[in-house]
Structure formats: C-alpha cells, structure tokens
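Enquirer: Just a sequence and a predicted model for now, questions to come.
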Amino acid sequence: MQEIETPRKIAEILKSFHIDVKTNIGSRGVIGVIEGGRPGKTIALRADFDEQAMLIGGKLLLSLVNSYVRDEKESLHHVEVKK
C-alpha cells in the first residue's frame, strides 16, 4: 500500500510556514527549501515517513533508516529510529 496522505499533509504544513515546497520527488517525496540570506555552507535535513518495521530482540518494532550524505569536504550520517 502506498502512503499518499502523509506527503500531502507534510507539504501542507511546510507551505503554512511559507516554505517553498517541491512534491512528487521519487514518486511521493517532499522537499522544503529554505533559502538563507547569507553566503556559506548548506545544511540538508532528511526525515523518512515510510514504515519498514522490524522486530528487534523479539519484542520491539522499529523502523530504521540509514542515510549518508557527502560532498567533497564534509559528510553527514544519521540513523533514525521510529517507534
């Protein structure tokens, strides 16, 4: 089953904060673009709303998302745990 309402709601909330929104990225992705007023480094934040649940230790269902972002000078790695 494809998640349709969540990306719509995310886009609606971002727009309510006057954030430029791009939708249908990779079919259901949403990007909010916030332009800074000064030159300098760029920061990117990522959040996932899919439910790829897994059983951990026979008790706890979690959805784990790993991502790795890298440019020529710096990198960012995050692991998101959703209960």
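Expert: Yes, it's here.

Enquirer: pretty sure Ile31 belongs to a helix, no?
Expert: No. Applying DSSP: H, G, I helix; E, B strand; the rest coil, one finds Ile31 to be strand, outside a helix.

Enquirer: show me what contacts it?
Expert: 21-23, 25 (C-beta atoms under 8 Å, 6 or more residues apart in numbering). C-beta: built from backbone N, CA, C; applies to glycine.

Enquirer: Dump the residues you listed to a markdown table, plus distance to Lys15.
Expert: A markdown table is the format used below for these (distance: C-beta to C-beta, whole Å):
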| residue | distance to Lys15 |
| --- | --- |
| Val21 | 5 |
| Lys22 | 11 |
| Thr23 | 10 |
| Ile25 | 15 |
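
Enquirer: wait, which of those residues is closest to Ile34?
Expert: Val21 (10.7 Å; C-beta to C-beta).

Enquirer: and Leu14, which of the three is it?
Expert: Secondary structure of Leu14, reduced to three states by three-state DSSP: helix.

Enquirer: Span of stretch 20-33 from start to end?
Expert: Stretch 20-33 has an end-to-end distance of 5 Å (criterion: C-alpha to C-alpha, to the nearest Å).
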